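> Need a 3D model of the following:
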Amino acid sequence: MNRHVKCKTRKLHPKRLPNVQKDPVGVYLRVRPLSTEDEECCIEVISSTTAQLHPPEGFKVNRNGEYKEMQYSFKKVFGVSVSQMELFEHVAKPLVDDLIHGKNGLLFTYGVTGSGKTFTMTGCPGQGGLLPRSLDMIFNSIGPYQAKRYVFKTDDKNCMDLQCEVDALLERQRRDNNISVPKAPSTRPRIDPEIGDMINSEETCKAEVVDEDSSYSVFISYIEVYNNYIYDLLEETQEDTVKPKWNGGGTPVRQNTEFIPPQSKVLREDQNRTMYVAGCMEVEVKSAEEAFQVFWRGQKKRKVANTRLNRESSRSHSVFIIKLAQVPLDADGDNILQDKNQVSVSQLCLVDLAGSE
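The predicted structure follows:
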């Protein structure tokens, strides 16, 4: 007797060949528009890869008394009219595509204070920067193929573990039961920007090729480096855990809570000789909206700490780390392979460096 067994056919995606001609570090130049009309422009875009520096009046002679202008070459030069979307397409999109295909990446903005580093990285409503656009592209690409929350688990040694669907479900239920929702009325207008405010719907994008026979999960961490000390911007402090008290009018009562300075973290080396920040909180996120909320939570904590510690935020580096874990599905394509050795982890670090002056 012949038995016919139905099997799912798995799509095979061609493996990407390594590009041996690809530069390990691509340096791009973005020319910031003048803030006032009376400012003198010192940079001229000569071509798509070359910029020329014109010294201001009074600085045009060197020690020999000669007039000297310098030209500099970059991978690409962006003029003052470049849009945030165009910049992302050339600079960050290839790195996000590499992340989805298992490669690590690093992108950092460098320049003097006021040169537009934070605007380039974060942006503003209607003009989202590289960070929100990267999050948007990631979740547009892997959205349908995400694992349930807590299937992937991070540990304190920079490794990724797996747990079965039943254990993940139990952990979701346990954590949901521990979440307390404040009963106070919320009548105040929303202050924090959302990712939908940053990016126009027609500017969204996704990777052209995604392995549909894998399951994915995204983890976010956010740190600040100040005077060679590392601080976790997502770590809960005593102030974060204090529940607000409410008066009869539905407004919060101010409580005297002493500010506790954040504790610094240490760098360690994992089993693969990769450096990581030990004890840094990694938040699993399931949407670009949730990831951007986590980022903004860290931003607010950074501002509060800088204000109370009387330090300048322009003198600190911020590192936003997007970690993508993926594991193949079984032959039927229904469940993930419960094999820790099959887990692939890649990460993209988005760094806003302190002013270079």
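> Show the average pLDDT along stretch 92-108.
Averaging pLDDT along stretch 92-108 yields 97.
> tell me which residues of it are tucked away?
Neighbour counts over stretch 92-108 (16 or more other C-beta atoms under 10 Å) mark 92-93, 95-101, 105, 107 as buried. The way it works is simple: take the backbone N, C-alpha and C, and place the C-beta from them, glycine included.
> just checking, which of those belong to helices?
93, 95-100 (DSSP state H).
> So which of the residues you listed is the closest to residue 271?
residue 99 (21.7 Å; C-beta to C-beta).
> Over to the closest residue to that closest one other than its chain neighbours: give its phi and psi.
Of all residues beyond its chain neighbours, the one nearest residue 99 is residue 348 (4.6 Å), with distances taken as C-beta to C-beta, 6 or more residues apart in numbering. When read as degrees, to the nearest 10, the backbone of residue 348 gives phi -120, psi 120.
> Over to residue 320?
Torsion angles, degrees, to the nearest 10, at residue 320: phi -100, psi 120.
> separation between it and residue 213?
Distance from residue 320 to residue 213, counting by C-beta to C-beta, to the nearest Å: 29 Å.
> who's more crowded, these two?
Neighbour count, other C-beta atoms under 10 Å: between residue 320 and residue 213, residue 320 has more, with 25 against 16.
> Roughly how far does the more buried one sit from residue 122?
9 Å.
> what is in contact with these two at once?
Contact criterion C-beta atoms under 8 Å, 6 or more residues apart in numbering; residues shared by residue 320 and residue 122: 131, 352.
> can you tell me which residues contact the closest residue to residue 123 other than its chain neighbours?
Using C-beta to C-beta, 6+ apart and skipping the chain neighbours, the partner closest in space to residue 123 is residue 129 (3.2 Å). Residues in contact with residue 129 (C-beta under 8 Å, 6+ apart) are 84, 88, 118-123, 198.
> let's go with 6 Å and repeat that
Contact analysis of residue 129 by C-beta atoms under 6 Å, 6 or more residues apart in numbering lists 84, 120-123.
> These into TSV, with extra columns for pLDDT and neighbour count?
Below are those laid out as TSV (pLDDT from 0 to 100; neighbours: other C-beta atoms under 10 Å):
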residue	pLDDT	neighbour count
84	97	21
120	97	24
121	96	22
122	95	24
123	95	21
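> Of those, which belong to strands?
Taking DSSP state E as the definition of strands, these contribute residue 123.
> Specify which member of the contacts of residue 129 is nearest to residue 316.
residue 121 (13.8 Å).
> ok, the residue nearest to residue 123 to residue 299 distance?
Distance from residue 129 to residue 299, by C-beta to C-beta: 13 Å.
> got it, and residue 52?
36 Å.
> Have a look at the two and say which one is more surrounded.
Taking other C-beta under 10 Å, residue 52 and residue 299 do not tie; residue 299 has more neighbours (17 against 14).
> helices or strands next to the lengthiest helix in the chain in the packing?
Across the chain, the longest stretch assigned as helix under DSSP H is helix 288-308. Packed against helix 288-308, as judged by 3 or more C-beta pairs under 6 Å, 6 or more residues apart in numbering; DSSP states H and E, are the following elements: helix 130-142, helix 195-198, strand 214-226.
> Point out where the stretch 1-150 of the chain drops to low pLDDT.
Residue ranges of the stretch 1-150 of the chain with pLDDT under 70: 1-23, 37-38, 58-67.
> And the helices in this structure?
Counting by DSSP H, the helices of the chain are 84-91, 93-100, 117-121, 130-142, 165-178, 195-198, 238-241, 288-308.
> Taking helix 130-142 as reference, get the angle to the longest one.
Yep, that's helix 288-308 we're talking about. Relative orientation of helix 288-308 versus helix 130-142 (axes from the mean of the first three to the mean of the last three C-alpha atoms, to 10 degrees): 160 degrees.
> Specify the angle between helix 288-308 and strand 214-226 in degrees.
Put simply, helix 288-308 runs at 10 degrees to strand 214-226, going by the same axes, to 10 degrees.
> now helix 288-308: mean pLDDT?
Per-residue pLDDT over helix 288-308 has a mean of 86.
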